[in-house]
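Enquirer: Could you work out the structure for the sequence below:
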Amino acid sequence: MRGDEKRVVDAFCAFLISEGWSVRTEANHVDVVATRNGHHLYAEAKGRTGKNGPLDVDTLYGQLLRRMPDAEVGRARFAVVVPEEMLRAAARVPSRVRALLNIEIYSVTDGNEVNRLGE
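Expert: Take a look at the predicted model:
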């Protein structure tokens, strides 16, 4: 993980820990794998990328889709985690598609506050 992506991952992990999750990073090529009460959350994150933000968010979704464990699809939660200014690009994937795949969107502010889209 380089640059701002590390900040985004660290803030997201701190948020998950505060919510009672056990967290691992870089597990089986997934940025964040969290466990709580027998449930799993798999998350891919991106940091600030400059002008290529929307394209990098598309890449982020592709990484998440490729790394979804077959046995967990339909059972686990999945997430994309982006800096706040990339939230609009992350929300371009239709909510119905995200709901079918159980993908949530989280944003991280400059102050490292984590917010879930829709809350």
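
Enquirer: going forward, measure contacts and count neighbours with C-alpha atoms only.
Expert: OK.

Enquirer: what about stretch 82-91, average pLDDT?
Expert: On average, the pLDDT along stretch 82-91 is 95.

Enquirer: Figure out the length between the terminal residues of that stretch.
Expert: Stretch 82-91 has an end-to-end distance of 11 Å (CA to CA, to the nearest Å).

Enquirer: What of stretch 43-62?
Expert: Taking CA to CA, the first and last residues of stretch 43-62 lie 12 Å apart.

Enquirer: chain center to that stretch, what's the gap?
Expert: From the chain centre to the centre of stretch 43-62 is a distance of 11 Å (CA atoms, centre = their mean, to the nearest Å).

Enquirer: Quick check, central residue of the protein?
Expert: residue 80 (2.6 Å; CA atoms, centre = their mean).

Enquirer: State the distance from residue 108 to residue 93.
Expert: According to CA to CA, residue 108 and residue 93 sit 19 Å apart.

Enquirer: Just want to know which of these two has more residues nearby.
Expert: The neighbour count for residue 108 versus residue 93, taken as other CA atoms under 10 Å, is higher for residue 108 (23 against 13).

Enquirer: is it true that the more buried one touches residue 114?
Expert: Yes: contact criterion CA atoms under 8 Å: residue 108 and residue 114 qualify, at 4.6 Å.

Enquirer: Return every residue with contacts to both of these two.
Expert: By CA atoms under 8 Å, 6 or more residues apart in numbering, residue 108 and residue 114 have these common neighbours: 11, 12.

Enquirer: Just the element for residue 81, please.
Expert: Secondary structure from DSSP states H and E places residue 81 in strand 77-83.

Enquirer: who's in contact with the helix or strand bottoming out on mean pLDDT in the chain?
Expert: Least confident helix or strand of the chain, by mean pLDDT, DSSP states H and E, is helix 53-67 with a mean of 91. Applying CA under 8 Å, 6+ apart, the set of residues contacting helix 53-67 from outside is 29-30, 43-46, 49, 78-80, 86, 89-90.
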